[in-house]
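**Q** pasting a predicted model and its sequence here:
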Amino acid sequence: QVQLVESGGGLVQAGDSLRLSCVASGRTVSTYTMGWFRQAPGKEREFVAAINWSGGSTRYADSVKGRFTISRDNAKNTVYLQMNSLKPEDTAVYYCALSLRSSGLYDYWGQGTQVTVSS
């Protein structure tokens, strides 16, 4: 069984930066795609970013392109989300996820970390 634990969320002002971390345990995740999603109050969960096993391929939602950067350290079984130029609309619970399949569907999810951006 895989456990994903996110950290790094908090309350910041618009324009600030945060770095989220997600540590995986129970399984080596170095050969799998990992992603970040978020869910704002009253909205459905949405895709934010994903990174392939080597870190050589990344994808981003249009809303965060140029501001967020996903990266990973396979030696630490950890994936990161560097968030710059934060906006109030980035306020959400951010979830880390692991995909074991090539279909792009995600199999394991963390418990989430709250990010609140004040204007």
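**A** On my side now, so go ahead.

**Q** list the contacts for the residue nearest to the spatial centre of the chain?
**A** For the chain, the residue nearest the mean C-alpha position is residue 36 (2.7 Å; Cα atoms, centre = their mean). By Cβ atoms under 8 Å, 6 or more residues apart in numbering, residue 36 lies in contact with 20, 22, 48-50, 70, 79, 81, 94-97. From N, CA and C alone the C-beta is placed, and that goes for glycine too.

**Q** distance check, it against residue 119.
**A** Noted for residue 36: a distance of 23 Å to residue 119, by Cβ to Cβ, to the nearest Å.

**Q** am I right that residue 59 sits in a helix?
**A** No. Read with DSSP: H, G, I helix; E, B strand; the rest coil, residue 59 is strand and lies in no helix.

**Q** what pLDDT is listed against it?
**A** The model reports residue 59 with a pLDDT of 96.

**Q** same check on the one 3 residues further on?
**A** What the model reports as pLDDT for residue 62 is 98.

**Q** so residue 105 touches residue 99, yeah?
**A** Yes. Under the criterion of Cβ atoms under 8 Å, residue 105 makes contact with residue 99 at 6.4 Å.

**Q** the more surrounded of those two?
**A** residue 99 (19 against 9; other Cβ atoms under 10 Å).

**Q** please, where are all the strands along the protein?
**A** For the chain, strands defined by DSSP state E occupy the ranges 3-7, 10-13, 18-25, 33-39, 46-51, 58-60, 68-73, 78-83, 92-99, 108-109, 113-118.

**Q** sort out which residues of the second one are buried, please.
**A** So that's strand 10-13. Buried residues in strand 10-13, counted by 16 or more other Cβ atoms under 10 Å: residue 12.

**Q** strands paired with it, and their directions?
**A** strand 113-118 (parallel) (DSSP bridges).
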